[in-house]
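Undergrad: After the sequence you'll find the predicted model.
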Amino acid sequence: MAWFKRNTKGISTSTEEKKEAPDGVWNKCPNCKKPLHYSEQVENKYVCQYCNYHLRVGSKEYFEVLFDNNSFVELFGNLTSGDPLHFTDSKSYPERLAESYKKTGLKDALRAAHGQIEGQDLVIACMDFSFIGGSMGSVVGEKIARSIDYCIKHRIPFLMISKSGGARMMEAAFSLMQMAKTSAKLALLGQAKIPYISLLTDPTTGGVTASYAMLGDINIAEPGALIGFAGPRVIKETIKKDLPKGFQTSEFVLEHGFLDFIVDRREMKAKLASFIRMMHH
């Protein structure tokens, strides 16, 4: 009956002393479902080591991947949204903003910073999907506009990293105005002959796609990113037809001429540095 006896000789830790793994140390790849350790994700630039799926990350991670030694100066970091329309559905807009501040530690859905990439100055404006779905409101548009002015003044190339569900409905027309505002500022950047690189990541949709995301001197995307104006489900319901396989993925968009390159995140820094050297000099 030895099978049913518990052997405790090899157990040296009491139950009270055992600890669970901290939250965030492990997570699961959304594509292949295999477990990923956080340190391995960081080392692999937040790309799944098993299936090469590009995990969704925000400005903190992109700055870490791209800026030399993760060294940068954040620009216009204190801008926050007002409540011009006094929008309310189940919650007021200020309540939603307060929840997002607490949840993400961010002031809005975009951070801008000046640093160096392989020794070359670069301003990066990066969207954060975790803040109200990366929606484009007045603060997002204003930060992009001020970043472009900064680039023109100091003659520094500009990189825009888009990740957005589209315009922010709580700001209505104020949000939609940012499409024209940022596009006009990019025209001034072009007149000043300063390079603009647009990086589209998963997902890039709505008014962001219809404005600054598609206006780069070079438009690049990460593998497998969803890129489009309306989502696939909305389009399918509208036209009442099945959509082509891989519709609105970055590979599909590249094939149809809306992108210049698809670049793996692990090669992104070297590729961007090469583009900047080629265009800026």
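TA: Now that the structure is in, tell me what you want to look at.

Undergrad: from here on, contacts and neighbour counts on C-alpha atoms
TA: Noted.

Undergrad: Show me the protein divided up by domain.
TA: 23-55, 56-280 (automatic domain parsing).

Undergrad: tell me the mean pLDDT for the longest one?
TA: Mean per-residue pLDDT for domain 56-280: 95.

Undergrad: gap between that domain and the chain center?
TA: 7 Å (Cα atoms, centre = their mean, to the nearest Å).

Undergrad: What is the end-to-end distance of that domain?
TA: 30 Å (Cα to Cα, to the nearest Å).

Undergrad: close enough to count as contact, Asn70 and Phe63?
TA: Yes: counting by Cα atoms under 8 Å, Asn70 does reach Phe63; the two are 6.3 Å apart.

Undergrad: of the two, who's got more company?
TA: Phe63 (22 against 15; other Cα atoms under 10 Å).

Undergrad: Is the more buried one located within a helix, as I assumed?
TA: Yes: per DSSP: H, G, I helix; E, B strand; the rest coil, Phe63 lies within a helix segment.

Undergrad: mind listing what it touches?
TA: By Cα atoms under 8 Å, 6 or more residues apart in numbering, Phe63 lies in contact with Asn70.

Undergrad: Determine which stretch of the domains of the chain is the most buried.
TA: domain 56-280 (a mean of 18; mean count of other Cα atoms under 10 Å).

Undergrad: Tell me where the protein has strands.
TA: 26-28, 35-37, 72-75, 110-117, 120-127, 158-164, 196-204, 218-221, 261-262 (DSSP state E).

Undergrad: Rebuild those strands as TSV, extending it with distance to Phe229.
TA: As requested, the strands of the chain are exported to TSV (distance: least, Cα to Cα, whole Å):
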stretch	distance to Phe229
strand 26-28	29
strand 35-37	32
strand 72-75	29
strand 110-117	20
strand 120-127	17
strand 158-164	11
strand 196-204	8
strand 218-221	15
strand 261-262	19
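
Undergrad: closest to Gly134 out of the ones you listed?
TA: strand 158-164 (4.3 Å; Cα to Cα).

Undergrad: got the angle for the closest one vs strand 120-127?
TA: 20 degrees (axes from the mean of the first three to the mean of the last three Cα atoms, to 10 degrees).

Undergrad: for strand 158-164, packing partners?
TA: strand 120-127, strand 196-204, helix 206-209 (3 or more Cα pairs under 8 Å, 6 or more residues apart in numbering; DSSP states H and E).

Undergrad: Could you list the residues in contact with the shortest one?
TA: Okay, so that is helix 206-209. 136, 162, 164-167, 176, 179, 227-230.

Undergrad: Select, out of the strands of the chain, the one closest to Leu97.
TA: strand 110-117 (13.7 Å).

Undergrad: Show me the helices in this protein, by range?
TA: 38-43, 59-66, 93-104, 138-154, 172-191, 206-209, 232-239, 250-255, 268-280 (DSSP state H).

Undergrad: Which residue lies nearest the spatial centre of this structure?
TA: For the chain, the residue nearest the mean C-alpha position is Lys163 (4.0 Å; Cα atoms, centre = their mean).

Undergrad: quick one: the closest residue to it other than its chain neighbours and Gly257, what's the gap?
TA: Nearest non-adjacent residue to Lys163, counting by Cα to Cα, 6 or more residues apart in numbering: Thr204, 4.9 Å away. Using Cα to Cα, Thr204 is found at 16 Å from Gly257.
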